[in-house]
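K.L.:
the sequence isn't on hand, but the structure is:
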Ligand code: BDP
């Protein structure tokens, strides 16, 4: 059975019951949390590291580097985890490295974990870019295809084999992109010896950010009892004052388990209880989850405590997992995006996981700084351009009420060969992994399956129809979109999306220097898309590069003034159209970010309203004034948050 037929079958199942699995994956991917039954041991810090510089990059496998300590195979260097490896040293060959790199770390596992055969010990990698293979004490335990999403494996039996040896974890990571990876890319070998040295090759791709690589998110060990809560799905709703939390819990390791579910409010009061693997919790006088600036108490979270008890004859097991739950609804009409039945206008940003030195590595000071800047701007939302961000970031969004369009790494799908069966099959699995990971975040209100694919190519129709229908079957509660930059009349996927998301760069990539064309071209853009599809529209990208400190009046390209005027000209049109069917505007980009080197990039992309070091350009102040004004018009702000009183 080929994937589309198989998906069709799953879809029917799903429409009948919201919680029935349509996902092709057979286990959950709950965020590792400590509880009375679960311990977490972070393995962040310094790992031994070695890039395989051999001509075919395969020496590590040929000589089985995983069998002994990495330092015994050759020279190793210190490498921080989490971080991209590219900008850590002064070596250009490592910055631009393509191929396998090897990480290794020895871990002392608590004796109790080893002694207790009733404990599962799980090794989890938050994300590694792009392809990973993992060994424990020289034994291969798992591999994973794709960056930006977590993977894990149970390693209890391996560490119990010989409790006297430390647990040696080896992770090989390969950043090579092919026509079938997500994002796709190609390797080009240059064989002309009059121009290039022996063995010269480059990685080509069609996206505009540096292909940072390495172990980007935390690596950790966590425990669960042998019988454990494997996955939880919640879908929320409300009727008048009563909140509804429909839940489904899947259990592993026990044929018969008893489950009790308790919903606890922020003050620690139990507000609803239930038993069994599926049910509905009813919350009287519900406190809904609201976006930032839409309500005086945004981001309200309950805690859903799931308690499992099971016995296997010899022992009894108890597992406890607490999931934050925000109660809210999302829906779309032909002109509006509704959260809790109230119109929501996206005034937000596009971001990247990107910063000096650590590249795409998770960094708490940066995350908190970015949230402070978004709140300073008055941004109520962002899109995870162009790949899933760390779960830790989504948890911040849940708590602060920042609304998220959650995008998968389907960026740069331009080559017709990347619309084939293998690519689609992989893309479907990535959506499974993304929805499995992020389905319970109240902040996530829409899935984006791709950014600017070649949507006019004939195979795009089948590809996006399948992908969008599959994603809707996985999660019937959220709208699905992809981000388009193609011609409205020839876009093959647009009939299948719930919301049209359009990127455009008038007076930049087209008619450079001609700011006066923006009003007419933007107006035409909106009228065309709405006229053909009658779906609400988000301006999902717009902007202009500005090198901080470059000034010119009248404005010229790359100055702060030019960036300002581009924004203002777009805003004038948004203000007319948001009264009709435009439901949001997301600036490209929140901050400057690194790209490959090229003649259109000056040490990276400079379309940020903040610099890469998070200092504001003039455009940031324009945006700030606008976003607070919009919040005052569209939100329900308490007096103390009203701009400019809060400044
Ligand atoms: C858009 C892409 C984005 C780029 C941006 C730009 O979606 O990734 O960075 O253009 O060129 O088309 O700045």
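P.N.:
Structure received. None of the values given here were measured: they were computed from a predicted structure.

K.L.:
tell me how many other residues surround the closest residue to the ligand within the chain.
P.N.:
Going by C-beta to the nearest ligand atom, the ligand is nearest to residue 208 of the chain, at 3.5 Å. From N, CA and C alone the C-beta is placed, and that goes for glycine too. Residues near residue 208, counting by other C-beta atoms under 10 Å, number 23.

K.L.:
with residue 530 instead?
P.N.:
20.

K.L.:
and it, what's its pLDDT?
P.N.:
We note a pLDDT of 98 for residue 530 in this prediction.

K.L.:
for residue 225, same thing?
P.N.:
97.

K.L.:
excluding covalently adjacent residues, which one is nearest to it?
P.N.:
residue 317 (4.0 Å; C-beta to C-beta, 6 or more residues apart in numbering).

K.L.:
that neighbour pairs with what?
P.N.:
Going by DSSP bridges, residue 317 is paired in beta bridges with residue 310.

K.L.:
residue contacts, it?
P.N.:
Remark: with contacts taken as C-beta atoms under 8 Å, 6 or more residues apart in numbering, residue 317 is in contact with 118, 225, 226, 227, 228, 253, 254, 308, 309, 310, 311.

K.L.:
just the strands from the stretch 301-450 of the chain, written as ranges.
P.N.:
302-311, 316-325, 330-332, 337-339, 342-343, 346-350, 381-383, 403-407, 444-451 (DSSP state E, counting those that start in this stretch).

K.L.:
up against the ligand, what does the stretch 351-500 of the chain have?
P.N.:
Contact residues, the stretch 351-500 of the chain versus the ligand (C-beta under 6 Å from any ligand atom): 386, 451, 452, 485.

K.L.:
dump those into JSON lines; add neighbour count as well.
P.N.:
Below are these laid out as JSON lines (neighbours: other C-beta atoms under 10 Å):
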{"residue": "386", "neighbour count": "23"}
{"residue": "451", "neighbour count": "28"}
{"residue": "452", "neighbour count": "23"}
{"residue": "485", "neighbour count": "18"}
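
K.L.:
please, where are all the helices along the stretch 451-600 of the chain?
P.N.:
Remark: helices assigned in the stretch 451-600 of the chain by DSSP state H, counting those that start in this stretch are 460-474, 518-533, 560-577.

K.L.:
most tightly packed of these?
P.N.:
helix 460-474 (a mean of 22; mean count of other C-beta atoms under 10 Å).

K.L.:
just the element for residue 237, please.
P.N.:
strand 228-239 (DSSP states H and E).

K.L.:
what sits up against that strand?
P.N.:
18-19, 27-30, 120, 243-253, 286, 288-289, 304, 306, 308, 317, 319, 321, 323, 325-329, 340, 436, 439-440, 442, 477.

K.L.:
redo that, cut-off 7 Å
P.N.:
18-19, 27-28, 30, 120, 243-253, 286, 288, 304, 306, 308, 319, 321, 323, 325, 327-329, 439-440, 477 (C-beta atoms under 7 Å, 6 or more residues apart in numbering).

K.L.:
equivalent analysis for stretch 170-180, please.
P.N.:
In contact with stretch 170-180 (C-beta under 7 Å, 6+ apart) are residues 60, 66, 70, 98-104, 125, 128-135, 183-187, 203, 205, 211, 213-215, 415, 417-418, 422-423, 426.

K.L.:
cutoff 6 Å now
P.N.:
66, 98, 100-104, 128-135, 185, 205, 213, 417-418, 422-423 (C-beta atoms under 6 Å, 6 or more residues apart in numbering).

K.L.:
and for stretch 199-209?
P.N.:
55, 98, 177, 183, 185-190, 352, 411-412, 414, 593, 595.

K.L.:
out of the helices of the stretch 451-600 of the chain, flag the one nearest residue 145.
P.N.:
Minimum separation from residue 145 across those (C-beta to C-beta) falls at helix 460-474, 17.1 Å.

K.L.:
any idea how far the closest one is from the chain center?
P.N.:
Its chain's C-alpha centre and that of helix 460-474 lie 19 Å apart, by C-alpha atoms, centre = their mean, to the nearest Å.

K.L.:
state the mean pLDDT of that helix.
P.N.:
98.

K.L.:
again, but for stretch 628-637
P.N.:
On average, stretch 628-637 scores 82.

K.L.:
quick check: residues of this structure near the ligand?
P.N.:
208, 386, 451, 452, 485, 503, 541, 588, 605, 607.

K.L.:
in those residues, find the pair that's most separated.
P.N.:
Across the residues of the chain next to the ligand (C-beta to C-beta), the longest gap, 15.7 Å, separates 485 and 605.

K.L.:
that older thread, buried ones among the contacts of residue 317?
P.N.:
Among those, those scoring as buried are 225, 226, 227, 228, 253, 254, 308, 309, 310 (criterion: 16 or more other C-beta atoms under 10 Å).

K.L.:
now distance to residue 615 too, for these, in a markdown table please.
P.N.:
Shown next, in a markdown table, are the buried ones among the contacts of residue 317 (distance: C-beta to C-beta, whole Å):
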| residue | distance to residue 615 |
| --- | --- |
| 225 | 49 |
| 226 | 52 |
| 227 | 52 |
| 228 | 46 |
| 253 | 51 |
| 254 | 54 |
| 308 | 49 |
| 309 | 54 |
| 310 | 54 |
